[in-house]
Every structure is written in C-alpha cells, then in structure tokens.
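Engineer: Curious how this folds, go ahead:
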Amino acid sequence: MKWKTAKVSSLCDLKNGKAYNADDWATEGLPIIRIQNLNNSSKGFNYWSGTLDKQIHVRPKDLLLAWSGTPGTSFGAHIWNGPEGVLNQHIFRIDILYGNIEKRWFQFCLNQQLNSLIHQAHGGVGLKHVTKGAVHALEIRLPPLAEQKRIAAILDAADALRAKRREALAQLDALLQSTFLTLFGDPVKGWITTDIAGVALPGSGSIRTGPFGSQLLHSEFTDNGIAVLGIDNAVANEFRWSERRYISEVKYRQLKRYTVRPGDVIITIMGTCGRCAVVPDGIPPAINTKHLCCITLDPAKCLPIFLHSYFLRHPISLGYLRQTAKGAIMSGLNMGLIKGMPVLLPPLPLQQKFAAIVKSVERQKTAQRTHLAELDALFAALQHRAFRGEL
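Structural biologist: A predicted model of the protein is given here:
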C-alpha cells in the first residue's frame with residue numbers, strides 16, 4: 001500500500017516554553033521541565049508557583065521536543081515520563097492534531113527526520129538548533145495506524161536494549177562516585193591540605209592556558225599536522241576525540257610551550273566551563289587552545305586520575321566552585337581560581353588504589369560503549385528501513 005505524505009504542520013502544533021529566570025523560581029509548585037530533565041526526569045527541578053498558562057502546561061506522556069542542544073544531549077523528541085509540570089524555553093510541546101497518529105511512532109519519525117536535517121545543515125557537529133518553521137516544514141510518509149503501531153513496537157524493542165546499555169554505563173559511573181567518596185570523602189588525620197598549584201609539577205608553565213588572540217588564528221588551522229585540543233575534547237568529563245583541528249609543524253615550533261602531554265589534566269574555562277578530563281597515553285603531539293587550562297602534575301604528590309575525580313566529585317572542590325568562584329562555572333573560570341582550589345591530598349598509595357579501580361571500571365565502560373555503538377547502528381538501520389516502508 002502506498003503511504004501518503006504529509007507536512008508536520010498538518011499533523012501537530014508546537015507550543016514553546018517560557019524563559020524563566022532565578023527570580024521566577026520557587027521552592028514548591030510545579031516543576032520547571034528543562035532540557036536536562038528530558039533524558040532523566042529524576043534530575044533536580046526548579047519550581048514555578050505563578051499563574052499556570054495552559055500553553056506551558058505539561059502532563060505525563062506529553063510529547064516534547066528539545067529544539068536546541070549539542071551532540072549527546074537531549075536534542076529531539078521525547079515522551080515525558082516525569083510529573084506534571086511547566087515547560088522551560090528551548091522545548092516545544094507537541095500537540096497532535098491528526099487523529100490517526102501513534103505517539104511513539106511519531107516520536108521516532110520526528111527524530112529520524114531531525115537528525116537527517118541537522119546532518120545536512122551542520123555535518124552533525126557543534127550546536128544543534130532547529131526552528132519551529134523548520135520542524136513544521138518536515139515532510140513525512142504517513143502509514144496506516146496499525147502499521148505505525150507495528151513499527152513503533154519493533155523500534156521500542158531495539159531502543160529498550162540501548163536503554164539497558166546506557167543504564168549499565170550510568171551504574172558504573174555511580175560506582176566510581178561511591179568508591180571515590182568512600183575512600184576520600186571524609187578527612188583523615190595527617191592528610192595534607194594544599195591547593196592545585198601545590199600539586200603541580202614545580203617550575204613555570206605547569207599550569208597554563210593556550211595561545212590567545214593573534215598567537216593562533218582560525219585561518220592557521222590545517223588539515224593535518226599537530227593536533228589542537230579544545231572544549232570538545234573534555235566536555236564529556238573524559239577525553240574524547242571529536243572535531244579534529246591541526247596546525248603546521250612551523251606554527252607548532254612557535255607555540256611549543258603550550259604542548260599537552262599524556263597525564264595532563266585539562267579543564268574547560270570558557271563556553272561550557274568546569275568540565276575535566278585526563279589526557280590519555282598515546283596521543284599524538286598536541287597543544288591546547290585558550291579555552292582549556294592544562295595542568296601538569298607532580299607525580300610524587302598527585303595522580304591525574306585522583307585530581308580528575310576530586311575536581312568533579314569532592315565536596316570541597318564543588319563547594320569551592322560554588323562559593324569562591326561565584327558563578328564562574330557559568331561565565332568563565334580562570335587560572336587563578338583553579339590554582340587556588342583547595343585539595344585534601346591523601347597518601348599516594350591510596351590514590352594508586354583508586355586509580356587501579358578506575359582503570360578496571362573504564363575497561364568495563366569501554367565494552368559497554370562498544371555494545372551500545374553496535375545497538376545504535378542496528379537501531380539506525382531499522383529506522384531507515386521503517387520509514388521507507390521496508391520493515
């Protein structure tokens with residue numbers, strides 16, 4: 001049977017959320033649903049106790065669409081599984097107008113169309129952003145309701161397997177959090193209190209940012225050569241290769257003092273601030289941009305794996321960033337704040353014990369990510385076939 005084609009604008013209406021500020025927040029009322037809540041409705045909420053506008057009202061099982069985000073975030077369509085709430089900006093509530101629509105099928109269909117649209121426009125990297133007009137203009141093939149339900153059931157089963165892998169990864173992260181706090185969360189008599197400057201390798205340049213201004217221009221990036229690390233390499237709080245940037249050997253000789261080495265700790269200080277990663281063994285020669293603070297540690301005092309977890313997990317570091325930085329995580333960190341962060345330094349053998357646990361857990365996470373990538377590829381293939389009428 002030939003499926004008819006319809007524009008999204010004829011099938012649904014999109015209601016945008018409200019731009020709240022800190023003065024709007026309350027301690028009780030309806031939770032404000034933000035993009036970060038879409039993949040995890042248990043994440044913390046701010047609340048709205050003002051007049052309820054039906055345009056921003058969200059009920060369980062409503063279909064929502066995050067229209068802005070970055071790769072790996074909640075960009076795209078979601079069925080809301082949390083409590084009744086109100087809608088924050090950057091999210092549309094999708095009100096289905098056409099009677100013969102299976103909501104879960106429509107969610108899968110929209111996400112497939114949106115991913116195709118984004119890759120055509122931006123190559124799939126950087127900030128993802130779509131307008132209401134762009135969503136309304138999408139054309140989809142509309143099968144009969146029974147076929148929609150059959151397709152949704154197949155994709156649901158495949159998606160459930162992906163969800164189990166993601167949950168396994170989340171549990172491994174929770175295990176590391178629990179292990180870190182068990183080993184290092186409570187001060188022990190005799191442990192040294194210092195700061196990040198005190199655990200850096202002695203000498204100048206052990207804590208540094210990258211080249212500023214005319215020292216490195218975008219026009220000087222090349223297709224190969226010496227790698228240039230930026231925010232995208234640390235934004236996931238672990239080192240990942242993302243967009244590749246290079247400079248020539250000649251340019252590198254001018255900027256050699258910004259060299260990044262295996263075991264260095266990199267912290268994002270502009271844009272998405274306060275993310276942290278350890279540079280792994282085996283990376284090719286590289287420098288960092290001005291968006292990163294790079295720390296070379298004294299290995300006789302502090303291990304990179306410990307400092308990475310300390311920065312992200314320890315109550316002292318988190319409290320320091322909240323109180324001393326006074327919003328710097330949002331507006332931008334600087335080397336002075338990072339150098340001055342207090343560090344409760346445990347004995348090196350205890351750091352080594354934790355590092356061994358982290359390496360073991362990371363091996364398990366690598367295996368889970370490999371399985372997840374295989375399931376993602378399978379899901380993408382099923383989606384492609386489903387919406388071409390070949391499933």
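Engineer: alpha carbons only for contacts and neighbour counts from here, please
Structural biologist: Noted.
Engineer: Please enumerate the helices of the stretch 101-250 of the chain.
Structural biologist: 103-122, 132-137, 145-184, 196-199, 249-254 (DSSP state H, counting those that start in this stretch).
Engineer: Rebuild the ones you listed as a markdown table, extending it with mean neighbour count.
Structural biologist: Compiled in a markdown table, the helices of the stretch 101-250 of the chain are given as follows (neighbours: other Cα atoms under 10 Å):
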| stretch | mean neighbour count |
| --- | --- |
| helix 103-122 | 17 |
| helix 132-137 | 14 |
| helix 145-184 | 16 |
| helix 196-199 | 20 |
| helix 249-254 | 13 |
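Engineer: how about those in CSV, adding mean pLDDT and distance to Gly319?
Structural biologist: Formatted as CSV, the helices of the stretch 101-250 of the chain follow (pLDDT from 0 to 100; distance: least, Cα to Cα, whole Å):
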stretch, mean pLDDT, distance to Gly319
helix 103-122, 82, 38
helix 132-137, 91, 40
helix 145-184, 95, 15
helix 196-199, 96, 15
helix 249-254, 94, 38
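Engineer: which residues sit against stretch 224-243?
Structural biologist: The contact list for stretch 224-243 (Cα atoms under 8 Å, 6 or more residues apart in numbering) reads 125, 244-249, 252, 266-268, 270-272, 275-280, 284-289, 291-292.
Engineer: With distance to Leu217 as extra columns, can I get the helices of the stretch 101-250 of the chain in CSV?
Structural biologist: Listed next are those as CSV, based on distance: least, Cα to Cα, whole Å:
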stretch, distance to Leu217
helix 103-122, 22
helix 132-137, 34
helix 145-184, 38
helix 196-199, 30
helix 249-254, 11
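Engineer: Keep only those of the contacts of stretch 224-243 that are in strands.
Structural biologist: Members of the contacts of stretch 224-243 lying in strands (criterion: DSSP state E): 246-247, 266-268, 276-278, 286-288, 292.
Engineer: so which of the helices of the stretch 101-250 of the chain comes closest to Ile94?
Structural biologist: helix 103-122 (9.8 Å; Cα to Cα).
Engineer: So what's the gap between the closest one and the chain middle?
Structural biologist: Mean C-alpha position of helix 103-122 versus that of the full chain (Cα atoms, centre = their mean, to the nearest Å) differs by 19 Å.
Engineer: And for stretch 195-205?
Structural biologist: With Cα atoms, centre = their mean, you get 29 Å for stretch 195-205.
Engineer: Now the terminal residues of that stretch, how far apart.
Structural biologist: Its first and final residues considered, stretch 195-205 spans 16 Å by Cα to Cα, to the nearest Å.
Engineer: Any regions of the protein where pLDDT drops low?
Structural biologist: Counting by pLDDT under 70, the low-confidence segments of the chain come to 1, 40-43, 70-73, 119-127, 325-332.
Engineer: neighbours of the closest residue to Leu292 other than its chain neighbours, just the number please.
Structural biologist: Sequence neighbours aside, Thr268 is the residue nearest to Leu292 in space, at 4.6 Å (criterion: Cα to Cα, 6 or more residues apart in numbering). For Thr268, the tally of surrounding residues (other Cα atoms under 10 Å) stands at 29.
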